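*Asks:* I'd like to go over a predicted model; first the sequence, then the structure.
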Amino acid sequence: MLGLMFFAVGIALHFFNSFSSEKRIDSQNQTIVFKISKKLNSTDKYKKYEVIAQSEKEDFNSILYIPKKSKELDFKHYYKAKVYLTQPKPPQYDFQFNYAKYLQRKNIDRQSYLSEGISSAFRNDLSWNEKILQKRLEVLQNIDQSTMSPQSREFLKGIILADRTEIDSETVRDFNTSGLMHFLAISGTHIVVIFGLFYFLCMYFLSLKLRKWVMILSLIFIWLFAAFIGFGNSVLRSCIMLSVYFIYVLLQRKSDVLHSLALSAFIILILDTQQIFDVGFQLSFMAVLGIFWLNQPILKHFPKQDNYFKKLVFNTISISVSAQLATLPLVLYYFHQFSFISILANFIIVPFSEIIIVFSFLMTGLIAFNIDFTLIDIVYDFTIKILLKGIHWFADFSMFFENIPMNLMEVLSLFVIVYLLRFAILKFNYKNSARLVMAVFVFLIIRISCNTIEYQNEEVLIHDFYKHKVFSVRKGNEVCFWVENNSNLDKITKYIINPYKSSRRLQAIEVKFFPTLTQKVVYKGKVYHIN
């Protein structure tokens, strides 16, 4: 009954928190006044911002696109500009990412493209949150002006200030392919390390009798840091769990990971029920559940950890394997890719993460207070270059698999396997091993059945890609794409061919080019217009 009550409360909160824009918005040029609320990842052509805008008719939230060479926008100005206003469209086919739905969950229903120059006026009504965001932006700008290499600057902004908006695509690819993306993103590891650093400094300068006050001061510092970098899911979850744990300690109560995790999720979802659909939210909590469920059983199979080095190495391996096994079903479902080299990469790179995080935090502090130590800049730049080269080396191994098909039924069956894996690791007997093998067989039956059903289908589609058309003919597990000669094949592969391949479980793909000036295609007596 308690579970049903909480579920009902969640449904009610989500109903009041849902945003639906049924109004049809015509694409048009319009003059708007706006302020920025968040900076987003840049594209090849544009800088992107979330903005709160006002036109002659109404107030609304929008994504603003400005040319990449334009001056950086900040939080301390109002802006006025003429923009081309349009409404995000739902995807053409089911295998494509629904960007319109993603924006709708953030209460955004428009996209604005800058048409003419922007004028600005200084604001005197900044809220506390906007003042913090402006200060963070100034620190980011100070980092951009440092003497470090561009890659080191972007790494520093990502690992401490949770800003990956300008990081180059090659570095992202290296982290993604090597399975070390969690190292670049702010996560529980970063929060715990920074908490430990502040706790150590307080204990060094204060008396042992003030240990309780040191805990309280450290928790306050962590929450201030979380506010400074923005309350992301993993940051908020880590801060809440850490706070709950030390509240247990202060009250002399036994701590409980599941209670802390559940309370974190409860608080986040009360504040914003849309977060349950966020991939980062799901992966963050699933990783912690995986560590709780599998870490100790895996650790028991390692030799006795009788010194610091053994504890560091064995715990790194067990925690990495536990988190990766638990998040694997979701990773395959959302991203359709997996890297086998990630286990080795985590084993080698993660033990040095504490040093890198502390060093990066020190660098950010020096830059924030405009303290220039050229020697430290050189050492940090050299260290990060070595780190990035090591990650690039791991990424070059041909152990990265992509376009892996996965549906919800397969995901659920994989979670059952992960659940049963604990019992087989703890006690490998006939009963536990038989249950695990049966779960694997069920997964294989589901997968083979889904493949067999999908291979019976035939499909002819015309895909719109900006100003170009892509024509595809599919038979069973084979497909042939026809594209125009002047189209961008790399982007077509990324946004159309690969998603279509993983969605339809295809094995053989062929790409051909239309003859010049092709207007129509006739296939099986039916005419398809290309231009």
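*Replies:* In hand now; what should we look at?

*Asks:* just the strands in this structure please.
*Replies:* 28-40, 46-54, 59-67, 77-86, 110-114, 119-122, 337-339, 400-402, 458-465, 468-475, 478-483, 508-513, 520-523, 526-529 (DSSP state E).

*Asks:* As CSV, these with mean pLDDT and distance to residue 490 would be great.
*Replies:* Placement of C-beta: from N, CA and C, glycine included. Compiled in CSV, those are given as follows (pLDDT from 0 to 100; distance: least, Cβ to Cβ, whole Å):
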stretch, mean pLDDT, distance to residue 490
strand 28-40, 92, 22
strand 46-54, 94, 18
strand 59-67, 93, 21
strand 77-86, 94, 25
strand 110-114, 93, 23
strand 119-122, 93, 37
strand 337-339, 87, 17
strand 400-402, 85, 14
strand 458-465, 92, 12
strand 468-475, 92, 13
strand 478-483, 94, 11
strand 508-513, 93, 12
strand 520-523, 91, 23
strand 526-529, 90, 24
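
*Asks:* Go through those strands and name the closest to residue 193.
*Replies:* strand 337-339 (24.3 Å; Cβ to Cβ).

*Asks:* Please name the strands paired to that closest one in the sheet, noting orientation.
*Replies:* strand 400-402 (antiparallel) (DSSP bridges).

*Asks:* Show me what counts as buried in the partner strand.
*Replies:* Going by neighbour count (16 or more other Cβ atoms under 10 Å), the buried part of strand 400-402 is residue 400.

*Asks:* Hmm, residue 92 and residue 464 touching each other?
*Replies:* Yes: shown here, residue 464 and residue 92 form a contact pair, counting by Cβ atoms under 8 Å, at 5.9 Å.

*Asks:* Mind putting the strands of the chain into JSON lines with distance to residue 311?
*Replies:* Output for the strands of the chain, formatted as JSON lines (distance: least, Cβ to Cβ, whole Å):
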{"stretch": "strand 28-40", "distance to residue 311": "40"}
{"stretch": "strand 46-54", "distance to residue 311": "43"}
{"stretch": "strand 59-67", "distance to residue 311": "47"}
{"stretch": "strand 77-86", "distance to residue 311": "51"}
{"stretch": "strand 110-114", "distance to residue 311": "51"}
{"stretch": "strand 119-122", "distance to residue 311": "54"}
{"stretch": "strand 337-339", "distance to residue 311": "26"}
{"stretch": "strand 400-402", "distance to residue 311": "31"}
{"stretch": "strand 458-465", "distance to residue 311": "52"}
{"stretch": "strand 468-475", "distance to residue 311": "53"}
{"stretch": "strand 478-483", "distance to residue 311": "51"}
{"stretch": "strand 508-513", "distance to residue 311": "47"}
{"stretch": "strand 520-523", "distance to residue 311": "64"}
{"stretch": "strand 526-529", "distance to residue 311": "64"}
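
*Asks:* Nearest to residue 236 among those would be which one?
*Replies:* strand 28-40 (15.6 Å).

*Asks:* Please compute how far the closest one lies from its chain's middle.
*Replies:* Relative to the chain's own centre, strand 28-40 is displaced by 24 Å; criterion: Cα atoms, centre = their mean, to the nearest Å.

*Asks:* So what angle separates the directions of that strand and strand 77-86?
*Replies:* Between strand 28-40 and strand 77-86, the angle comes out at 120 degrees (axes from the mean of the first three to the mean of the last three Cα atoms, to 10 degrees).

*Asks:* what sits up against strand 28-40?
*Replies:* When contacts are defined by Cβ atoms under 8 Å, 6 or more residues apart in numbering, strand 28-40 is touched by residues 47-56, 61-64, 73-75, 77-85, 112, 115, 123, 137, 163, 165, 230.

*Asks:* Same check on stretch 203-213?
*Replies:* For stretch 203-213, using Cβ under 8 Å, 6+ apart, the contacting residues are 214, 250.

*Asks:* repeat that for 10 Å
*Replies:* Applying Cβ atoms under 10 Å, 6 or more residues apart in numbering, the external contacts of stretch 203-213 come out as 199, 202, 214, 215, 216, 217, 218, 246, 249, 250.

*Asks:* Repeat that for stretch 313-321.
*Replies:* 179, 182, 189, 287, 290-291, 294-305, 342-351, 353.

*Asks:* Please list the members of the residues you listed that lie in helices.
*Replies:* 182, 189, 287, 290-291, 294-299, 342-349, 353 (DSSP state H).

*Asks:* Do you know the pLDDT at residue 20?
*Replies:* Listed pLDDT for residue 20 reads 65.

*Asks:* actually residue 398, sorry about that
*Replies:* 65.

*Asks:* if we can go back for a sec, how about TSV for the contacts of stretch 203-213, with pLDDT added?
*Replies:* Shown next, in TSV, are the contacts of stretch 203-213 (pLDDT from 0 to 100):
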residue	pLDDT
199	89
202	86
214	90
215	90
216	91
217	92
218	91
246	87
249	84
250	87
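
*Asks:* Now do the same contact list for residue 325.
*Replies:* 287, 290, 291, 293, 294, 298, 414, 417, 418, 421.

*Asks:* With the flanking residues excluded, which residue is spatially nearest to residue 258?
*Replies:* Once flanking residues are discounted, residue 258 sits nearest to residue 292: 6.8 Å by Cβ to Cβ, 6 or more residues apart in numbering.

*Asks:* what's the answer for residue 257, then?
*Replies:* residue 292 (5.1 Å).

*Asks:* just to revisit the earlier point, mind listing the shared neighbours of residue 464 and residue 92?
*Replies:* residue 496.

*Asks:* How about the contacts made by the residue nearest to residue 257?
*Replies:* So residue 292 contacts 257, 258, 261, 322, 326 (Cβ under 10 Å, 6+ apart).

*Asks:* Could I get the pLDDT score of it?
*Replies:* pLDDT, residue 292: 93.

*Asks:* Quick one: low-confidence residue ranges for this structure.
*Replies:* 19-23, 398 (pLDDT under 70).

*Asks:* can you tell me which helix in it is longest?
*Replies:* helix 308-335.

*Asks:* could you check the angle helix 342-349 makes with it?
*Replies:* 140 degrees.

*Asks:* Which of the residues in helix 308-335 are classified as buried?
*Replies:* Under 16+ other Cβ under 10 Å, the buried positions of helix 308-335 are 314-333, 335.

*Asks:* now swap in stretch 286-306 and tell me
*Replies:* Those would be 286, 287, 288, 289, 290, 291, 293, 294, 295, 297, 298, 299, for stretch 286-306 by 16+ other Cβ under 10 Å.

*Asks:* can you check stretch 108-128 too?
*Replies:* 108, 109, 110, 111, 112, 113, 114, 118.

*Asks:* what's the closest of those to residue 504?
*Replies:* Of all the buried residues of stretch 108-128, residue 111 has the smallest distance to residue 504: 29.0 Å, by Cβ to Cβ.

*Asks:* Residue 86 is in contact with the closest one, correct?
*Replies:* Yes: using Cβ atoms under 10 Å, residue 111 is in contact with residue 86, at 5.3 Å.
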